[in-house]
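Visitor: Task: produce atomic coordinates for the following.
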Amino acid sequence: YLSRLHLQNCNLTKIPPEICKLQNLHTIDFSWNYISELPQEIAQIQSLSAIWAKHNNFSEIPSVISSMPNITFLMFARNHISEIPNWLHTLKKLSNFDIENNKLTEIDLRILEMPKIWHVNFALNRIRHLPNIVHFSPTLQILQIEGNYIGEIPKIFIEFAEEKTARLDEQRMFDRCVVC
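Guide: Just a heads-up that it's a prediction; the model follows:
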């Protein structure tokens, strides 16, 4: 059974409906296309856990994903997304969320507190300040925020970086963001 489907750089403007019949599909990668929406039928693929949608024409993260409880990985880098949907934090299994190089102006704190979140990439957006957060999810290991317009880093973010850096080979939180 087909478990991974890679459709990168195929000049697609929509997901072919036949794909929604692939019930053993775990990963779908349709990066580098011209897709702006997902079909509602994609939620029928109960085994789907990873969606790669890098460099497409999405202006929002499709709401159909909210009805896909097994999603662990979302890659929506290099689109035209300006806000995080209110339902995203309800994806209880989400561990990796990449929304690099979009049009975000703020960070949704609920994502940083999700129970299984491990890696979040907010790099190269339009974020101007970091929110005051009480705590991060204990599972969060990598938070990328470089290349934004942040002028001041709250103390809690620095403490987070110091704590996680001790457990990682390289410090990846503040590559270039102190005063960008």
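Visitor: which element is the closest residue in space to Ile28 that isn't next to it in sequence on?
Guide: With sequence-adjacent residues excluded and distances taken as C-beta to C-beta, 6 or more residues apart in numbering, Ile28 is closest to Leu5, at 5.1 Å. All C-beta atoms are positioned from the backbone trio N, CA, C, and that covers glycine. Assigned by DSSP states H and E, Leu5 belongs to strand 4-6.
Visitor: Just the buried residues of stretch 76-87, please?
Guide: Neighbour-count burial for stretch 76-87 flags Phe76, Ala77, Arg78, Asn79, Ile81, Ile84 (criterion: 16 or more other C-beta atoms under 10 Å).
Visitor: again with stretch 123-130
Guide: Across stretch 123-130, burial judged by 16+ other C-beta under 10 Å covers Ala123, Leu124, Asn125, Ile127, Leu130.
Visitor: same check, this time on stretch 94-113
Guide: Under the neighbour-count criterion of 16+ other C-beta under 10 Å, stretch 94-113 has 94-102, 104, 106-108, 111-113 buried.
Visitor: Following the chain past the strand holding Leu5, name the next helix or strand.
Guide: Once strand 4-6 ends, the next helix or strand along the chain (criterion: DSSP H and E) is strand 27-29.
Visitor: Okay, strands next: where are they in the chain?
Guide: Counting by DSSP state E, the chain has strands at residues 4-6, 27-29, 50-52, 73-75, 96-98, 119-121, 142-144.
Visitor: Considering those strands, which stretch scores lowest in mean pLDDT?
Guide: Mean pLDDT values for the strands of the chain show the minimum at strand 142-144, a mean of 88.
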